[in-house]
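Enquirer: no sequence for this one, just the structure:
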């Protein structure tokens, strides 16, 4: 079983739709969680950190469920510019040590 | 604020040659990370520097890879001798000191695309 699992997609959704991605992680000791966005042939860019209480940033909402060990990302009112691969990232840290594990990413294509 | 920069953006070398990749982190970021993405696979951790010290190099694939961060500023990753399976995109990322807010949010450079022929 992979440490961080994501549905690779692609998710093809019309403009204006709401789309949700899930990500599961295997290490229950994981402490920090992130969603990154990666455009084709570009570097990952931090989209959101995911906090225990859940957090929202405009059209984007992230949730964390520690009991079930999954993280979700909800995108409302999808825009064409949201088309990208969304990477789930899980981090375990202790002292100065940080182990970061990436999912393979979920590809989103927003269509007009 | 300038972001993470990497040089070169692309490198094509022959098997057996040596290549050195460079990363300049965001100014003031003590933490520097190297990652690699092989085509079709997820991004994999290589190693982590805190200032000039290697905190974790458990992801380094073998002893053909050598990373340094002299003076705790920029870092280099040398591959010697390069093999075909070393081809991929090498990303560098940096983050702030761990005791500050958002200490674990990493900011990535544009990557170096390495092709070994």
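Expert: Received it, and whenever you're ready, just let me know what you need. Please read all numbers here as calculations on a predicted model, not as lab measurements. Numbering: from 1, shown residues only, chains lettered A, B, ... in the order given.
Enquirer: where do the strands sit along chain B?
Expert: B:5-7, B:10-13, B:19-24, B:31-37, B:44-50, B:53-56, B:65-68, B:75-79, B:88-95, B:107-108, B:112-116 (DSSP state E).
Enquirer: which one of the ones you listed lies closest to chain A?
Expert: Closest of the strands of chain B to chain A is strand B:107-108, at 4.1 Å (criterion: CB to the nearest CB). From N, CA and C alone the C-beta is placed, and that goes for glycine too.
Enquirer: who does the closest one pair up with?
Expert: Strands flanking strand B:107-108 in the sheet, each with its direction: strand B:88-95 (antiparallel) (DSSP bridges).
Enquirer: which residues does the partner strand contact?
Expert: A:43-44, B:4, B:6, B:21, B:23, B:25-26, B:29, B:31-39, B:43, B:46, B:75, B:77, B:103-109, B:111-114 (CB atoms under 8 Å, 6 or more residues apart in numbering or on different chains).
Enquirer: what about the helix or strand bottoming out on mean pLDDT in chain B and chain A, touching?
Expert: In chain B, the helix or strand scored least confidently by mean pLDDT, DSSP states H and E is strand B:53-56, which has a mean of 90. Yes: for strand B:53-56, a contact with chain A is found by CB under 8 Å from any CB of the partner chain, at B:55-56.
Enquirer: neighbouring strands of that strand in the sheet, and parallel or not?
Expert: Applying DSSP bridges, strand B:53-56 is found paired with strand B:44-50 (antiparallel).
Enquirer: next SSE downstream of the longest strand anywhere in chain A?
Expert: Under DSSP E, the strand in chain A containing the largest number of residues is strand A:84-94. Per DSSP states H and E, the first helix or strand lying C-terminal to strand A:84-94 is strand A:97-102.
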